[in-house]
Structure formats: structure tokens, C-alpha cells
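In: Okay, predicted coordinates and the sequence, questions at the end:
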Amino acid sequence: MAIPTEMQRVVLAARPQGEPKLSDFRVETVPMPKPGEGEFLARTIWLSLDPYMRGRMDESKSYAAAVEIDAPMEGGTVCEVIESKHPDFKVGDFVNDRFGWQSHAVSKGEGVRILDPSLAPLSTAVGVLGMPGITAYVGLNTHGKPQKGETLVVGAATGAVGSLVGQLAKAQGLRVVGVAGGKDKCDYAVNELGFDACLDHRAATDASALRKELAAACPDGVDIYFENVGGKTFEAVLPLINVHGRIPLCGMIALYNQGALGAAAADGPNMFPKVWRTLLVNRINVRGFIITDHYDQFPQFVKDVSGLIRDDKVVYKESITEGLENAPQAFIDLLRGGNFGKQLVAVSPDPTR
Ligand code: NDP
């Protein structure tokens, strides 16, 4: 296949104030880069959209550097090598990498994983068998320390992380209660993912209404609260957590548009005394984690979860947006709960589908 002379990319045009707008992004066409010695050129098949990208749009200090203005947005990708001067990568190899919101990229191969397309569909390398999947696996097993018969609550329950957290916990004999936005997502959590119950946080008027519903769904209290969202859901769950409960602190998407990963995190109503007291008197173990610190578990995670998928013990759902130029709107929608399952952008055809 002839290699085009130009490629597309989406750059950060402005730092958002609150919710991102389309004008915070710019779609550009630029000349196709050429691989030098020890490099390869790849075309992007799948781009993953993830909540952490909102944090990268802000300048404030975080665990990773911000995307520069006029630089391509960061992101995990699944690509096909189309030209190679690298000894370890050949044309036709499928790779998982972090080439960002771009149709093509040149790489030296550092941190790039060659994929086996016979293991599972390629898109899963950025979903259930990729970064979000291992986040669920490590957050639950290493930090949640689940025990048969316990009760787990997880927010963003039908999303990339939450859907796997709940299914892995069910497989280990826990009672699983999800919190999700809307009836369709809640029905899916119960009927397809096998959760014991799922509550609609968007229908609940406030945290205390949601708490009443959660208390009814968790008659023995909550042993593990897998924290994906913060906000109203956190406020609702906190008083229900049992003595010696665990909170794997994974994310807080309800706050991301308020600059929650940076300076503005300190603003807002002061729940600090209440939260601190609850953690103390109940001896609750809160463990914040960033998944890249745990990538030594990747081989075991892929082995375990690909086996569960093959045996139909884990199912997954994807929300696919066609075309790189539509990535900004899809990302804005993701932060509003517009995705139903793992949000992907189909950038170019997947020859294995
Ligand atoms: P999802 O696929 O779950 O998509 C995001 C979902 O968040 C939306 O669909 C929406 O679901 C929910 N959401 C949005 N706004 C709110 C709100 N105000 N209150 C409650 N829920 C809301 O995303 P991921 O599974 O990829 O990520 C889930 C969480 O895990 C995020 O916080 C993310 O940052 C975090 N994460 C952390 C990692 C780490 O290393 N610590 C690694 C990967 C992810 P709904 O419609 O159900 O409300």
C-alpha cells in the first residue's frame, strides 16, 4: 500500500477553562514523517480516549507533564507498522504504543509492545486487555484485597475500568453494586455484567438520596469502595464503609473539569474533617495509585484476563467514534458520560475485523 504524503493530527490549541470546548483543539494536516535508521513508521488504527487526558490539558503540577500548546494530544494507540528501518519491528506488525491523537507516527520502538492479534481483537490492547484493564485488576486485587462474601461498590460502573472491576469481584464471590449514569447503563451492569445491583447517580437528586439507595443495596455495608468518580458518589458511599474497609483511589472524574488534578483541588466545600474522622474511626485503608507504577504485573494480568474473556467470564463493551477529526467531540462527551463502555476512535481500518 502506498504511503500517503500527508498525515492528520489533533493538537491542543488552548487550555480549557472548566469543560473543554471544540476550540481548545485543532485538527491539522502536516507532511508525513520519514523513519530514519533504527525507526519505524506506523499508521494508527485505534486511538484510546481516557479521562486522564483532561488533566494533561491543564498546566498545573501533576504526576505527568502537561501537553504543550500546539503539541499533539497524548494517547494510547494500536497501530500497524507500514515502513521499518528497525531490526525488531517489521512491516505488518501490530503494536500498542502511545503515539497520541495522530494518524501516523515515527518511533524508535521504546516502550512499544508487539501485539498478537490471535489473542483478542486488537482494540482490546487499549481497553480490557490494556491500560484500563490492568487498572481494574491491580486496583481491585493489590489495593482492594477482596475477600469472598464482601461487598464492593464501584462508580463509572459500565466504563472501561469499572466494568472489569465489578466482573473480577463477582468472579471472586463478592456482592457488587455499581453506580452509573442512566437506566440503560444500570440495566447493562446487572443483566450483562452480572452485578447484583446498579444505581443511577444522575437520577438521584443529591448525595443523601443516593446514600439511601446504596444503603438498601448494601445491607452488610461496604467493604471496598473502588473510587473512580469522587463527587456525589463518594459523599454517598463514605458513611457506609465498614470498619477495615478499603478504598483503592483510582480516579475522580466528577471533578476533572474543575481542575481537580491541580490547583483548584483545594477549593470547594470543606469535607476534610468529616472525611478524615471517618477514615480514622473506621480504620479505612485509602490507597491512591497510578497504574504505570504497576506495569510489572502486565504479563500476569494479560494471561488471567484473556483467559476469562475466552471462557466468557468477562465481557466488554466498546463505544466507537469514526475518524480522528471527531476525537475532540468524543472526548468532551466522555467527560459527560456520553460513552457506553471503552471509548475508542477508529482512525483507520482494522484489517483483523
Ligand atoms: P469510563 O470509560 O468509565 O468513562 C468515564 C465515565 O465517567 C463516564 O462514562 C461517566 O459514566 C463517568 N462520569 C462522568 N462524569 C461523572 C460524574 N460527575 N459523576 C460520576 N460519574 C461520572 O472511564 P475509565 O474507565 O477509563 O476511567 C474511570 C476512572 O478511572 C477515571 O476517573 C480515570 O481517571 C481513572 N483511571 C485511573 C487510572 C490510574 O492509574 N489511577 C488509570 C485509568 C483510569 P456514567 O455515565 O456512568 O456516569
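Out: Yep, it's here.

In: only C-alpha atoms for contact and neighbour calcs from this point on.
Out: OK.

In: Pull up the residues of the stretch 1-150 of the chain that are close to the ligand.
Out: 50-52, 132, 135 (Cα under 6 Å from any ligand atom).

In: Swap in 8 Å and give it another go.
Out: Applying Cα under 8 Å from any ligand atom, we find that the stretch 1-150 of the chain lies next to the ligand at 49-52, 131-132, 135.

In: low-scoring stretches of the stretch 251-353 of the chain, by residue?
Out: 259-269 (pLDDT under 70).

In: What's the end-to-end length of stretch 253-273?
Out: Stretch 253-273 has an end-to-end distance of 22 Å (criterion: Cα to Cα, to the nearest Å).

In: Report the contact partners of the nearest residue to Phe94 once chain neighbours are set aside.
Out: In space, and not counting its chain neighbours, Phe94 is closest to Glu80: 4.5 Å by Cα to Cα, 6 or more residues apart in numbering. The neighbourhood of Glu80, defined by Cα atoms under 8 Å, 6 or more residues apart in numbering, consists of 42-45, 91-95.

In: Can you pull out the low-pLDDT segments for the protein?
Out: Low-confidence segments of the chain (pLDDT under 70): 259-269.

In: which helices and strands sit right next to the helix or strand harbouring Val161?
Out: Under the criterion of DSSP states H and E, Val161 resides in helix 160-171. Contacts defined by 3 or more Cα pairs under 8 Å, 6 or more residues apart in numbering; DSSP states H and E place helix 160-171 against helix 131-138, strand 151-155, strand 175-180.

In: helices or strands next to the first one in the packing?
Out: Applying 3+ Cα pairs under 8 Å, 6+ apart, we find helix 131-138 packed against helix 160-171, helix 298-310.

In: In the shortest one, which residues are buried?
Out: To tie it back to what came earlier, the one meant is helix 160-171. 160-170 (16 or more other Cα atoms under 10 Å).

In: that older thread, reformat the helices and strands packed on helix 131-138 as TSV; add distance to the ligand.
Out: Formatted as TSV, these follow (distance: least, Cα to the nearest ligand atom, whole Å):
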stretch	distance to the ligand
helix 160-171	4
helix 298-310	13
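
In: so which of those helices gets nearest Val286?
Out: Closest to Val286 of those, according to Cα to Cα: helix 160-171, at 16.7 Å.

In: the inter-axis angle of that closest one versus strand 175-180?
Out: Compare the direction of helix 160-171 with that of strand 175-180 by axes from the mean of the first three to the mean of the last three Cα atoms, to 10 degrees and you get 160 degrees.

In: starting at the chain centroid, how far to helix 160-171?
Out: Averaging C-alpha positions (Cα atoms, centre = their mean, to the nearest Å) puts helix 160-171 13 Å from its chain's average.

In: re earlier: looking at the buried residues of helix 160-171, which is nearest Glu19?
Out: Using Cα to Cα, the shortest approach to Glu19 within the buried residues of helix 160-171 belongs to Ala160, at 21.2 Å.

In: Enumerate every residue touching that closest one.
Out: Neighbours of Ala160 in contact, by Cα under 8 Å, 6+ apart: 127-128, 132-133, 316, 341-343.
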